[in-house]
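Engineer: please find the sequence and the predicted model below.
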Protein chains: 2
Amino acid sequence: MAAGPPPGSETAVDIHTLFLHIAIILISAKIFGMLFKRIGIPPVLGEVTAGIILGQSVLGFIPLSEAIKVLAELGVILLLFEVGLEADIHMLVRVGLWSTLVALVGAVVPFAGGFVVSYYIFDMPMISALFIGGALTATSIGITVRVLTDLGKYKSRFAQIVLGAAVLDDILGVVALAALYEFSKTKEVNLDATGKLIIHIAVFFIVAPFIARLVAKIFSYIVNKLGDLEVIPATILALVLFTGNVAHRVGSPEILGAFTAGLALSRRFVLPFAAFLHLDHKIIHKVEEGIGPLVWVIAPIFFVSVGLALNLKAIDFTSLEFWLLSLSLIAVAIFGKVISGFVVPGTLRDRLNIGFSMMPRGEVGLIFAEFGRSFNAIDAVGYAVVVFVVAVTTLLAPILLKFSVR
Amino acid sequence: MAAGPPPGSETAVDIHTLFLHIAIILISAKIFGMLFKRIGIPPVLGEVTAGIILGQSVLGFIPLSEAIKVLAELGVILLLFEVGLEADIHMLVRVGLWSTLVALVGAVVPFAGGFVVSYYIFDMPMISALFIGGALTATSIGITVRVLTDLGKYKSRFAQIVLGAAVLDDILGVVALAALYEFSKTKEVNLDATGKLIIHIAVFFIVAPFIARLVAKIFSYIVNKLGDLEVIPATILALVLFTGNVAHRVGSPEILGAFTAGLALSRRFVLPFAAFLHLDHKIIHKVEEGIGPLVWVIAPIFFVSVGLALNLKAIDFTSLEFWLLSLSLIAVAIFGKVISGFVVPGTLRDRLNIGFSMMPRGEVGLIFAEFGRSFNAIDAVGYAVVVFVVAVTTLLAPILLKFSVR
């Protein structure tokens, strides 16, 4: 799903205040990250918590301004580019079938469960139930990747299954959101448009890596001619943003375009029939070296912004209806993702690792909630419930995963 | 002077368009930079030219949106931090007297000349003449530093004199702008407030490096304890933004706060009586390594934005009055800075190098023009003239400098 900057309150702030906010965000992210690491919790959770404390839920000190959204989106785009750059393409292909099954089960079960609970048990309108189901299908690929990296499990087989599944889940999410959008306006699902969207995205994912690689090849030829390696980081960032923009135009989330650009530039993008696309290792090394510090600096803004977007104050914790619906949906949200790990052959631990990794809804769940609310498809209680379910699954997943990988 | 993001048209664009704009800005900056380098012109001029072509002057393709202003400002803040980091403090102190003289002469002569030409010869109102004089005092420290770096002259004695003078000129500029602002509202110059502003800025520049160094020391102690060097880039960026914000609060431009933070963290910040402030070389190396790619990526956005801010279409090139005033002021603008180099003992070449380096008004001159226009202190013709003078001095300086350093 489109990991656009998380929705939430929008405020314009002057540039000096903005820079102060960024400084506070960066420092808090690092302090909470370090503290959480000390007590044995993945640092990314510290960064999200920093956002919850600084934001509307607690202190109300830092609004989710437009500029912070832009930086957050830039952060997650760069993060996904780096993920693509370091992905093991051969393993991704080898585990592709399992990734697809995990993505499908992890989308269908929470969607169906969320719909059934909301529509049949809690008597909500059909459109609300559909949006709530949609929100439960989400996986925050950014948070998932960071947790796996924090735990040092990024290179393992299960992590590569999760990575593939999370990417597919993002695509399923954007297709579902487009269909829901259509449905909420016309009360009909346009299968034609949905089919076209899927084909566009599929074509993009097949064609884009080759074009991106070709562009990189031409560019590296020029750079080698001129002997000026300092232009690499900026040019690569431009390529990533271009690919992201094309992805957005075909209807896919921008971050998946960035991921594709990363795959295209990775060391492991070696194809028997495309030896002419071989990239100089010096160039690839420079790409990695230049992008690393950018990710370290900007990505935390994304994780903090997930916390900033959560408004726990919007929740009426004294309402019985809220608790009944929330607890039912949390159960569905956890079960639906955990069960997806069990379609993969392997040890209990591997299966749990996969399920827990797919659990955090993060900003993607919030996008569904925000979208639903803006179309009056879900009411205030439904919105509060989704926010709470997103918060619980996002904060619980890293902790559960930490125990299961041990 | 406050090198805030250059003024100009303000437009909100959606995030996908914005990322496309950033990609185009980065690619154009690199292409024009490389082309200009090929034909022997400093690359920074290519970047500014890319902005002129993409912006309102020619294609009107990329507006100077709020988000691009934020990134531009971030770029120049990081650039000035890096400049501070690499500055030779001992040489800066040794040439301090000459820097001061260059800054004073390079501010007083263009100001007086601009005022006399506008007020006495062209019969403009006093307030307009004062703003035009103010605009001519400016030095774009960002452009100056980049030109010197592009030419490989950054470490030379004359470059350090220029660096010190440009910093002082920025301070003189902000004081002048504050006084002009006061004058345009009350028709009186408040010497008391001006004096206070100067004292605040002076105290900041004396105290800030020590506090920044102390904070860095405490922080590096913690980092060493935890053995986690990846937190350095983000934390340093936070420190730079904090220092910039404090600078802004005392009335100084943010970029000078960033420069001060750079000085504080530099290898050469070694004081006999403050050995306890010694910073681990491993930490300093990590700071340099982490900040470099950030500067390479973000700083070009600043240089392109200077071009985006220039609106050459606002100029009526058929007006005789425009040409008479412009050419007079260009003569004053060039003479006033070139003469400043002659207060320094040295060869003719060194003196010309200093004068030409101080010449580009860049975004700082535009801030004066924009400020003057927003208070109705200068009319449309006056504004167009200032924009043209800024463009000419900014584009001419790197070329003249290139010939004189040869």
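Structural biologist: Yes, it's here.
Engineer: can you tell me the SS state at the closest residue to residue A:190 other than its chain neighbours?
Structural biologist: Sequence neighbours aside, residue A:182 is the residue nearest to residue A:190 in space, at 5.1 Å (criterion: C-beta to C-beta, 6 or more residues apart in numbering or on different chains). All C-beta atoms are positioned from the backbone trio N, CA, C, and that covers glycine. Of the three states, residue A:182 takes helix under DSSP: H, G, I helix; E, B strand; the rest coil.
Engineer: report pLDDT for residue A:182.
Structural biologist: Here, the pLDDT recorded for residue A:182 equals 78.
Engineer: check contacts around it.
Structural biologist: Contacts here follow C-beta atoms under 8 Å, 6 or more residues apart in numbering or on different chains; on that basis residue A:182 touches A:188-190, A:193-194.
Engineer: what do you get for residue A:340?
Structural biologist: Contacts of residue A:340 by C-beta under 8 Å, 6+ apart are A:101-103, A:105-106, A:109, A:165, A:354-355, A:358.
Engineer: kindly reformat those residues as CSV containing distance to chain B, secondary structure and neighbour count.
Structural biologist: CSV is the format used below for these (distance: C-beta to the nearest C-beta, whole Å; DSSP: H, G, I helix; E, B strand; the rest coil; neighbours: other C-beta atoms under 10 Å in any protein chain shown):
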residue, distance to chain B, secondary structure, neighbour count
A:101, 32, helix, 16
A:102, 29, helix, 32
A:103, 25, helix, 26
A:105, 32, helix, 21
A:106, 28, helix, 32
A:109, 32, helix, 20
A:165, 26, helix, 33
A:354, 27, helix, 30
A:355, 29, helix, 27
A:358, 26, coil, 31
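Engineer: tell me the one of the contacts of residue A:182 nearest residue A:153?
Structural biologist: residue A:194 (35.1 Å; C-beta to C-beta).
Engineer: what mean pLDDT does the longest helix anywhere in chain A get?
Structural biologist: Criterion DSSP state H: the longest helix present in chain A is helix A:191-226. Average pLDDT, helix A:191-226: 81.
Engineer: which strands and helices lie in contact with that helix?
Structural biologist: Here helix A:191-226 touches helix A:157-186, helix A:232-249, helix A:254-265, helix A:281-309, going by 3 or more C-beta pairs under 8 Å, 6 or more residues apart in numbering or on different chains; DSSP states H and E.
Engineer: mean neighbour count, those helices: which tops it?
Structural biologist: helix A:254-265 (a mean of 28; mean count of other C-beta atoms under 10 Å in any protein chain shown).
Engineer: now look at that one and say if it contacts chain B.
Structural biologist: Yes. With C-beta under 8 Å from any C-beta of the partner chain as the measure, helix A:254-265 is seen reaching chain B through residue A:254.
Engineer: verify the contact between residue A:150 and residue A:41 for me.
Structural biologist: No. Under the criterion of C-beta atoms under 8 Å, residue A:150 is not in contact with residue A:41, lying 9.3 Å apart.
Engineer: overlap in contacts, these two.
Structural biologist: Shared contacts of residue A:150 and residue A:41, counting by C-beta under 8 Å, 6+ apart, come down to residue A:398.
Engineer: how about the nearest residue to residue A:32, chain neighbours excluded?
Structural biologist: Per C-beta to C-beta, 6+ apart, closest to residue A:32 is residue A:46, 3.5 Å.
Engineer: again with residue A:203
Structural biologist: residue A:250 (7.5 Å).
Engineer: what is the burial count for the one you found?
Structural biologist: Close neighbours of residue A:250, defined as other C-beta atoms under 10 Å in any protein chain shown, add up to 18.
Engineer: what's near enough to touch it?
Structural biologist: Here residue A:250 is in contact with A:200-201, A:203-204 (C-beta under 8 Å, 6+ apart).
Engineer: for those residues, which two are the farthest from each other?
Structural biologist: Spatial extent of those (C-beta to C-beta) is set by the pair A:201 and A:203 at 7.4 Å.
Engineer: of the two, which one has the most company?
Structural biologist: residue A:201 (19 against 11).
Engineer: distance check, the closest residue to the more buried one other than its chain neighbours against residue B:262.
Structural biologist: Excluding its sequence neighbours, the residue lying closest to residue A:201 (C-beta to C-beta, 6+ apart) is residue A:252, at 4.7 Å. Using C-beta to C-beta, to the nearest Å, we find residue A:252 at a distance of 41 Å from residue B:262.
Engineer: same check, this time on residue A:200
Structural biologist: 47 Å.
Engineer: then residue A:250?
Structural biologist: Taking C-beta to C-beta, one finds residue A:250 at 43 Å from residue B:262.
Engineer: got it, and residue A:256?
Structural biologist: Taking C-beta to C-beta, one finds residue A:256 at 38 Å from residue B:262.
Engineer: now swap in residue A:391 and tell me
Structural biologist: For residue A:391, the distance to residue B:262 (C-beta to C-beta) stands at 40 Å.
Engineer: count the neighbours of the residue nearest to residue A:201 for me.
Structural biologist: The tally of other residues near residue A:252 (other C-beta under 10 Å) stands at 25.
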